[in-house]
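S.K.: compute the structure for the input listed below.
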Amino acid sequence: MTTTTLAVLVPLLPFLGAVAGLLLGRTAPGFVRPLAVLPTLTSLVLAALVAVRQGGDAAVDAATELTPTGSVPIELALHIDGFAALVAVLVGLVASCVQIYSTGYLRDDPRYPSYAALVSLFTSAMLLVVYSGDLMVLLVGWEVMGICSYFLVGHYWETPQARAASLKAFLVTKLGDVPFLIGLFALATDAGSFHVTRILGTVASGGLDHPTLIALLLLAGVAGKSAQFPLHTWLPDAMAGPTPVSALIHAATMVAAGVYFIARLLPVFEASQAAMVVMAVMAAVTMAGSALAALAQDDIKRVLAYSTIGQLGYMTGALAVADRGAAVFHLLSHGAFKALLFLAAGVIIHAAGTNSLAAMSRMRNLRDRIPDAYWTMTVALLALAAIPPFSGFFSKEAVLGVAEHVVTGHTEHAPAAAGWIVLVAGLVTAVLTAAYAMRLWLLAFRGRGTEAPDHGRQPLTMTVVLWVLAVPSLALGGFAFRVLPDWFDGRDLGPTLTTSVLGTGLAVAGGIVTYAAWRHTTAHAARVPLGAVAAHPGGDAARVEAEAIATHEPAYGDIAHAPDPADPGRLLLGPLHRHAAVGFHLDAVYTALFVRPVRAGASLVRFLDREVVETYVRGAGALPRWLGTAVRRSQTGNVQTYVSALLAGTVVLAVAVVLVATGA
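M.R.: Numbering: from 1, shown residues only. Model prediction:
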């Protein structure tokens, strides 16, 4: 079987699994789980085979014209280079882990068949984006992911939080997709093709007429899809969906699509120095702002959501200094440990019966109830904080290293301003990342108070997946930075001494300061007794999470909402805490600037429609109705009335004739 055939099957198998799952979900429920897991696993194996055959050598290209357009052709095309081959393996791995994990996590959920089918469709759409060599075909996968995220985030549609979150995710990403589509058309117009290789050839020959405009339009779509400032606000709210969905969106699909898109078309952005600086500023604000917000969140999933936004900022920063190798390296590393963080968080939520870190901090021995989640999440948090030798250290240092090279003048592919912006913001974010990672670990696993509820051991499918993902989180970076240059552009991805010492030192300092703040607050805080814990019975973890979303206080009454006096984030942030906790009021700004004016305009239109247009329509219909009523009353059916009217009319006419004649 040729490499092209294998590559076609990679996105096709999950798609067929999704269709079969939707058709057989009610009539043959016994086939739902095999149809969810087996096509995705097979797709992972085939993606690995494609990667082995591609081997980092020349890109695999194949194309066939879909239909004559009369102008710019649209082709069903494949373009598989080293980046695409490895990202497809990541997508297949995370999607397979999510599907296996979900068989235990949602085992009693009545909507599991549709959920599993949508996850398969989501996976298929992302794989189409990864392998596509034509931008219009890529756009199909791009938009299908948006639809899937709408349904999956709104899986618990009974709750207003889930409904609002799904709608917000859809609308905010569509806000970025409008300029993105315009940018695609402008790019194809300048290049004369939607095909990736032809576009890159046009850029290399200086054939783009409007590089800055095109780059900024495309960047707007990337900001929406990859949750970068200022279109990042949908991602924390998207935590209203099931935890495995969060893992899929954050680790391998949706948000990774925007970063991957820029990496694939990086020369288009490099053609505009202004666009590179804008990208650097966007990345810097995203990194630092999201890290501050993560330090103030109480919901464990929102902490991880803001963490994702910040790590995507690192990837965007690497692209802003013109190194897609470092960006995709961090994308691969982050995909492994972020999927592990979310899936471990799902186990913690089920065991604790709440998403609240404040409530978890009042539980004793929670880590003893869930040892697998405790150890694997510890590994993932160390990778997130970029502590050597965990994978996050090597990939994050690759980003900081390329920024340093731009600052010191070792490369001229990006402006020096972009290098300084990314380097400074990256180092500041390294401190904050370690701080919120340490805070999450302390509040979740070092609680004091009432005994944590015991729900028994988690299903084996959930536990095994955690350890599978722990392996790349621990060991990926150590050899990847030596191997990946052969798959990418050949640039060195190894850590440099200066940024390694600075980054690691700052991360360690951030962790130590947070631990000291926690010790200080626990020593001086008046501990609030938890009282009786309303422990959930064992069973469906998704049901526990759905209740947590629906009530916002699933097991602990008002105390779950009480500020935790032992929260080190409050001490570290001080007066900034209340602003960071609500995302620096950006939603309120959007509400004032966009939501209220749109609603006011809609109210005005409704008033004009009701009071003006409907009044005119009613008036236009009233006159014929009145005439009809008058005519109907004259038609009595009485012959004597008709004869009397005829005689009266005759007399009137006769008198009129006489008067006229006399006057004449």
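
S.K.: now the strand or helix carrying residue 146: how far from the chain's centre is it?
M.R.: Per DSSP states H and E: residue 146 is located in helix 135-153. Mean-position distance between helix 135-153 and its chain equals 11 Å (Cα atoms, centre = their mean, to the nearest Å).

S.K.: pLDDT of it, averaged?
M.R.: In this model, helix 135-153 has a mean pLDDT of 95.

S.K.: just checking, what packs against it?
M.R.: Contacts defined by 3 or more Cβ pairs under 8 Å, 6 or more residues apart in numbering; DSSP states H and E place helix 135-153 against strand 74-80, helix 112-131, helix 160-191, helix 243-251, helix 255-264. The C-beta positions use only the backbone N, C-alpha and C, and glycine is treated the same way.

S.K.: report the separation between the residue nearest to the spatial centre of the chain and residue 643.
M.R.: Nearest to the geometric centre of the chain sits residue 255, at 4.7 Å (Cα atoms, centre = their mean). The gap separating residue 255 from residue 643 is 88 Å, by Cβ to Cβ, to the nearest Å.

S.K.: just residue 567 next, same as before
M.R.: As judged by Cβ to Cβ, residue 567 and residue 643 stand 99 Å apart.

S.K.: so the two - more neighbours on which side?
M.R.: The neighbour count for residue 567 versus residue 643, taken as other Cβ atoms under 10 Å, is higher for residue 567 (25 against 10).

S.K.: and the strand or helix carrying residue 658, how far from the chain's centre?
M.R.: Assigned by DSSP H and E, residue 658 belongs to helix 639-663. Put simply, helix 639-663 sits 85 Å off its chain's centre (Cα atoms, centre = their mean).

S.K.: try stretch 474-486
M.R.: Put simply, stretch 474-486 sits 27 Å off its chain's centre (Cα atoms, centre = their mean).

S.K.: with adjacent residues omitted, what lies nearest to residue 61?
M.R.: residue 79 (5.6 Å; Cβ to Cβ, 6 or more residues apart in numbering).

S.K.: quick check, that neighbour in contact with residue 196.
M.R.: Yes. Proximity of residue 79 to residue 196 meets the contact threshold set by Cβ atoms under 8 Å, at 5.0 Å.

S.K.: please enumerate the shared neighbours of those two.
M.R.: 132, 133 (Cβ atoms under 8 Å, 6 or more residues apart in numbering).

S.K.: let me know the pLDDT of residue 392.
M.R.: Looking at residue 392, the pLDDT reads 94.

S.K.: low-confidence ranges in the stretch 1-150 of the chain?
M.R.: The model of the stretch 1-150 of the chain has no residue with pLDDT under 70.

S.K.: how much space separates the residue nearest to the centre of the chain from residue 303?
M.R.: Computed with Cβ to Cβ, the distance linking residue 255 and residue 303 is 16 Å.

S.K.: how about residue 485, what does it touch?
M.R.: Taking Cβ under 8 Å, 6+ apart, we find residue 485 in contact with 325, 491, 492, 493.

S.K.: quick check: which element contains it?
M.R.: Using DSSP H and E, residue 485 maps to helix 460-487.

S.K.: next, the angle from that helix to helix 243-251.
M.R.: In terms of direction (axes from the mean of the first three to the mean of the last three Cα atoms, to 10 degrees), helix 460-487 departs from helix 243-251 by 10 degrees.

S.K.: centre of the chain versus helix 460-487, how much separation?
M.R.: On Cα atoms, centre = their mean, the centre of helix 460-487 falls 22 Å from the chain's centre.

S.K.: buried stuff in it?
M.R.: Buried residues in helix 460-487, counted by 16 or more other Cβ atoms under 10 Å: 461-463, 465-466, 468-470, 472-474, 476-477, 480-481, 484-485, 487.

S.K.: repeat for stretch 313-321
M.R.: Within stretch 313-321, the residues that count as buried by 16+ other Cβ under 10 Å are 313, 314, 315, 316, 317, 318, 319, 320, 321.

S.K.: so after the helix or strand of the chain with the lowest mean pLDDT, what's the next helix or strand?
M.R.: The weakest-scoring helix or strand in the chain, judged by mean pLDDT, DSSP states H and E, is helix 541-551 (a mean of 64). Note on helix 541-551: by DSSP H and E, the next helix or strand toward the C-terminus is helix 568-573.

S.K.: helices or strands next to that following helix in the packing?
M.R.: Contact here means 3+ Cβ pairs under 8 Å, 6+ apart; on that basis helix 568-573 packs against helix 416-445, helix 497-524, helix 577-581.

S.K.: packing partners of the first one?
M.R.: Translated: helix 416-445. Where contact means 3+ Cβ pairs under 8 Å, 6+ apart, helix 416-445 is packed against helix 273-294, helix 300-320, helix 357-360, helix 366-369, helix 371-384, helix 391-407, helix 497-524, helix 568-573.

S.K.: nearest to residue 206, of those?
M.R.: Minimum separation from residue 206 across the helices and strands packed on helix 416-445 (Cβ to Cβ) falls at helix 273-294, 14.5 Å.
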